[in-house]
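1. next one to model:
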Amino acid sequence: MSTFTPKKASADIGVYGLGVMGANLARNLARNGYATAVFNRTPARTDKLIAEHGDEATFVPASTLEDFVASLRTPRVAIMMVQAGPSTDAVMGQLAELMDEGDIIVDCGNSLFTDTIRREKWAAERGLHFVGAGVSGGEEGALWGPSIMPGGTPASYDRLGPMFEAIAGTYDGVPCCTYIGANGAGHFVKMVHNGIEYADMQVIAEAYTLLREGLGATPAEIADIFAAWNEGELNSYLMEITVEVLRQVDAETGTPLVDLIVDAASQKGTGKWTVQTALDLAVPVTAIGEATFAR
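-> Sure, this is the predicted structure:
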């Protein structure tokens with residue numbers, strides 16, 4: 001296990017939590033010219049990131065949380081990429097103890113927006129800024145250009161926004177990132193975004209079932225149909241990756257890969273939260289509700 005002792009105030013931004021999403025986000029930040037502090041509770045993940053990608057750009061690894069925070073230039077910006085729920089509260093508390101007034105803690109996980117509202121208030125009482133930022137695009141998006149939905153205070157976006165806009169994906173040359181608003185707004189938008197994806201995936205799955213069972217089309221034939229649809233108004237990233245999956249064949253058996261995948265789907269909670277919130281607000285989200293029940 002390596003021991004990393006970084007110089008103080010040597011990093012532009014930091015990432016705590018180096019799972020796949022956290023590591024890829026850190027690489028994206030560093031590759032875009034930001035000296036990026038990295039820390040993980042399990043040191044092996046820090047070692048792995050530096051060993052495999054340390055020569056890509058400027059990383060500032062730390063072996064202790066104290067050194068991680070000290071390595072950040074003020075006002076400090078520390079991104080948490082940890083499991084939503086109690087883990088987020090625990091890490092936030094640890095960071096807050098080491099931070100000064102005006103510093104910024106960012107939660108890029110899929111947290112419930114009401115938890116983010118609570119955390120924003122908690123941070124404000126301590127003179128800190130808290131940003132709940134939805135991040136969409138999965139592992140590849142985190143590395144090459146996600147859609148980012150940051151909330152929090154306008155002042156925090158002044159510091160954080162330029163970095164997020166630099167690493168975000170673009171559409172017609174415009175960064176897929178904008179300030180959403182305070183009081184959990186960033187995570188609220190991400191929640192609804194995920195709920196819409198639930199409905200999109202359900203429609204794709206039902207279209208596949210009709211073509212497969214109703215017309216007897218093969219997965220490869222359905223892939224061609226979906227690819228044609230993806231050239232028009234139905235164009236979407238979800239359709240694009242569905243086409244790729246349907247074209248995969250198991251090398252050992254020659255069977256379409258989709259036939260070897262368990263016919264089940266789980267959920268991380270955002271679809272359910274969307275439906276629950278819609279009920280509270282008396283807003284009909286029929287397609288999202290049916291898609292959530294189908295899981």
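2. which residues in the stretch 101-250 of the chain form helices?
-> Along the stretch 101-250 of the chain, counting by DSSP state H, counting those that start in this stretch, helices occupy 113-125, 138-144, 154-167, 185-209, 219-229, 237-246.
3. could you list the low-confidence segments of this structure?
-> Along the chain, the parts satisfying pLDDT under 70 run over 1.
4. biggest strand in it by residues?
-> Longest strand in the chain by number of residues (criterion: DSSP state E): strand 129-136.
5. what angle separates that one from helix 113-125?
-> Put simply, strand 129-136 runs at 150 degrees to helix 113-125, going by axes from the mean of the first three to the mean of the last three CA atoms, to 10 degrees.
6. burial measure for P61, as a count.
-> When neighbours are counted by other CB atoms under 10 Å, P61 registers 26. Backbone N, C-alpha and C define where each C-beta goes, glycine included.
7. wait, I261
-> 10.
8. list phi and psi for it.
-> phi -90, psi 140 (degrees, to the nearest 10).
9. can you check G269 too?
-> Torsion angles, degrees, to the nearest 10, at G269: phi 120, psi -30.
10. so what's it up against?
-> A84, N110, L112 (CB atoms under 8 Å, 6 or more residues apart in numbering).
11. and for T178?
-> M149.
12. sorry, back to before: mind checking which of the helices of the stretch 101-250 of the chain is nearest N32?
-> Across the helices of the stretch 101-250 of the chain, N32 has its closest neighbour in helix 154-167 (4.8 Å, CB to CB).
13. so for that closest one, what gets flagged as buried?
-> S156, Y157, R159, L160, G161, M163, F164, E165, I167 (16 or more other CB atoms under 10 Å).
14. so which of the residues you listed is the closest to R118?
-> Looking across these and measuring by CB to CB, the closest to R118 is S156, at 16.8 Å.
15. just the endpoints, please. Distance across stretch 35-43?
-> Using CA to CA, to the nearest Å, the end-to-end distance of stretch 35-43 comes to 20 Å.
16. coming back round to it: need the contacts of G269 in a markdown table with distance to V245, can you?
-> Below are the contacts of G269 laid out as a markdown table (distance: CB to CB, whole Å):
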| residue | distance to V245 |
| --- | --- |
| A84 | 27 |
| N110 | 23 |
| L112 | 30 |
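17. ok, back up a step: let me have the helices of the stretch 101-250 of the chain in a markdown table, extended by distance to V60.
-> Formatted as a markdown table, those follow (distance: least, CB to CB, whole Å):
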| stretch | distance to V60 |
| --- | --- |
| helix 113-125 | 24 |
| helix 138-144 | 19 |
| helix 154-167 | 15 |
| helix 185-209 | 26 |
| helix 219-229 | 44 |
| helix 237-246 | 33 |
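18. alright, that wraps it up for me.
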